[in-house]
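**Student:** Below: sequence and its predicted model.
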Amino acid sequence: MTGTAESSNQPVIVLQDLVKFFGRFAALRGISQSFVRGNLYVVVGDNGAGKSTLLRVVAGLMEPSQGSVTLLGSSKVRDVAHRIGYMGHAPLLYDELNGMENLRYFAGLYGIADDAVCRAAMQQVGLDPELERRVGQYSQGMRQRLSLARAVLHDPELMLLDEPFSNVDVRSARDMAAILGRVRDQGKTIFVVTHQAPLMEPVADEFVQMAAGQIVAREARNRNAESALISQRGSQ
Amino acid sequence: MSSLNVTSRTLLKDLRMEWRSKDAINSMLFFSLLVVVIFSFAFNPNAEESRRIAGGLIWVAFLFAAVVALNQTWARELRNQVLDAYRVSPAPPNALFLAKVLGNFLFVIILEALMAPLFVVFYQLRSIGPVWQLVVIALLGTWALVVNGTFFAALSIRTRSREIMLPLILFPISIPALLAMVDATTMVLTGDGTPDFWLKMLLVYDVVFTLVCLLLFETVLNAE
């Protein structure tokens, strides 16, 4: 993994007074928080709380109206893009290509030409690399798994996942949660936005509660002992 | 990571997807065929008249047909929001743009190659000037159409009625190139003068607009 020399409690994401407006509506209202390396964060909240907007701003897909995002020590997301994996609400895959063809193409965007990497990524999420079927004919669960494979393909240090379990059956969702747990155990930082928080209970390190465009609570989970409330309303 | 590598991978991916779906090429062929047949029956021109009107007719047919392919270009990237996967990657934005331009250029050139014999047959076309000049006009003219078309199609992908927006933006800005293409083609077909001026104008148009599009594409790609 890149950056192993960096301290484990060094913030991977630092949000400074983050505000995002859509017209006159403020989707994010002055978020100032930081998130450390090697943890699996689960972002929860009602619809319209600003979870997906926060993730898209952090991923660099949206510019904040005010404030700043520092990712892996850089204020320019593009400079650290090769160290970030993003899985959107939509699968971000070409329906007309099969699984391996999709992964080969996306691997190429990260300068990876080795087929073995794509095969390993597919196997990691429980898909058969030999499957000739086009993604358009995949079940929703298979699409989500392949989408996860695409996000982990380049071995990113930070993974941003938006609703990875939407339209996925409970068993597949549990499998995916377990995969995320294993990826976190390799020292990666994972940020998951989901409405299905109970699925993440066994693997989450911290639950981040959002409401009305703000982070209103952060609840740390000690996976080996009891839970502890570490941070609270408003700013850090 | 090399831009050339990303461009070639994206181009191959697009060609593979087009080969499987044949969305763009089928619609372009059907549209062009319709124009050739309908105008041929409507005007029933003799060889001399054909030479005078063919320049305009051919390029209008190809321009409208190209718009079909240009709209398809980005529609593929919007399905399943695949464009976001490209935007979060470290791949250079211009590599994506160049791949799309090259892909569209190939589609339109293939269309022109397939339609040229039909124009010859239906309009009894015999060029009086050198035919190689027609090839140069086709290459420069097609590049002019697709480079702007690909850029403006990208510009309009986030608008609600993008199929209507593209021609509205593209056609006015293509007028200088269209004039050059039509006049140069007519000159070669009729043998009435040399198309040197129009060819130079097309070349300058291509260089200027390619550079401008390359400079602005990243802003367009990341616009909200």
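**Tutor:** Yes, it's here.
**Student:** Say whether chain A is contacted by stretch B:7-16.
**Tutor:** Yes. Counting by CB under 8 Å from any CB of the partner chain, chain A has neighbours in stretch B:7-16: B:Arg9, B:Thr10, B:Lys13, B:Arg16. Quick note: C-beta positions are derived from backbone N, CA and C, even for glycine.
**Student:** The second one contacts B:Leu102, doesn't it?
**Tutor:** No. Distance between B:Thr10 and B:Leu102: 9.0 Å, which falls outside the contact criterion (CB atoms under 8 Å).
**Student:** where does the most centrally placed residue in chain A land in three-state SS?
**Tutor:** Note on chain A: the residue nearest the mean C-alpha position is A:Leu160, at 1.9 Å, using CA atoms, centre = their mean. Look at A:Leu160: counting by DSSP: H, G, I helix; E, B strand; the rest coil, its state is strand.
**Student:** Is it bridged to anything, and to what?
**Tutor:** On the basis of DSSP bridges, A:Leu160 is bridged to A:Tyr86, A:Phe191.
**Student:** which stretches of chain A have low pLDDT?
**Tutor:** Residue ranges of chain A with pLDDT under 70: A:1-9, A:223-236.
**Student:** interface residues of it facing chain B?
**Tutor:** A:59-63, A:78, A:81-82, A:84, A:86, A:88-97, A:101, A:105-106, A:108-111, A:150.
**Student:** what residues are up against the closest residue to B:Met115 other than its chain neighbours?
**Tutor:** Once flanking residues are discounted, B:Met115 sits nearest to B:Ser32: 4.9 Å by CB to CB, 6 or more residues apart in numbering or on different chains. Counting by CB atoms under 8 Å, 6 or more residues apart in numbering or on different chains, B:Ser32 makes contact with B:Ala61, B:Phe62, B:Ala65, B:Leu111, B:Met115.
**Student:** quick revisit: who has more neighbours, B:Thr10 and B:Leu102?
**Tutor:** B:Thr10 (24 against 19; other CB atoms under 10 Å in any protein chain shown).
**Student:** Tell me, how many residues neighbour the residue nearest to the more buried one when sequence neighbours are not counted?
**Tutor:** Leaving aside its sequence neighbours, B:Thr10 sits nearest to B:Ala99 (CB to CB, 6+ apart; 3.5 Å). Neighbours of B:Ala99 under the rule other CB under 10 Å: 23.
**Student:** got a pLDDT number for B:Ala99?
**Tutor:** Looking at B:Ala99, its pLDDT stands at 97.
**Student:** which residues touch it?
**Tutor:** Contacts of B:Ala99 (CB under 8 Å, 6+ apart): B:Val6, B:Thr7, B:Ser8, B:Arg9, B:Thr10, B:Leu11, B:Asp14.
**Student:** same check, this time on B:Ala180
**Tutor:** Under the criterion of CB under 8 Å, 6+ apart, the neighbours of B:Ala180 are B:Gly141, B:Trp198, B:Leu199, B:Met201, B:Leu202, B:Tyr205.
**Student:** so where's chain B shaky on pLDDT?
**Tutor:** In chain B (pLDDT under 70), the answer is B:1.
**Student:** please redo it, this time with the cut-off set to 80
**Tutor:** For chain B, applying pLDDT under 80 flags the ranges B:1, B:47, B:158, B:160-163, B:224.
**Student:** Contact residues of it facing chain A?
**Tutor:** Proximity of chain B to chain A is confined to B:1, B:5-6, B:9-10, B:13, B:16-17, B:20-21, B:76, B:79-82, B:84-91, B:222, B:224 under the rule CB under 8 Å from any CB.
**Student:** Helix or strand next in line after the helix or strand where B:Glu18 lies, which one?
**Tutor:** Using DSSP states H and E, B:Glu18 sits in helix B:3-21. As assigned by DSSP H and E, the chain's next helix or strand after helix B:3-21 is helix B:23-43.
**Student:** Now do the SS call for B:Ile157.
**Tutor:** Using three-state DSSP, the structure places B:Ile157 in coil.
**Student:** what about the residue lying closest to it once chain neighbours are set aside, how many neighbours?
**Tutor:** Leaving aside its sequence neighbours, B:Ile157 sits nearest to B:Trp74 (CB to CB, 6+ apart; 4.6 Å). By the measure other CB under 10 Å, the count of residues near B:Trp74 is 20.
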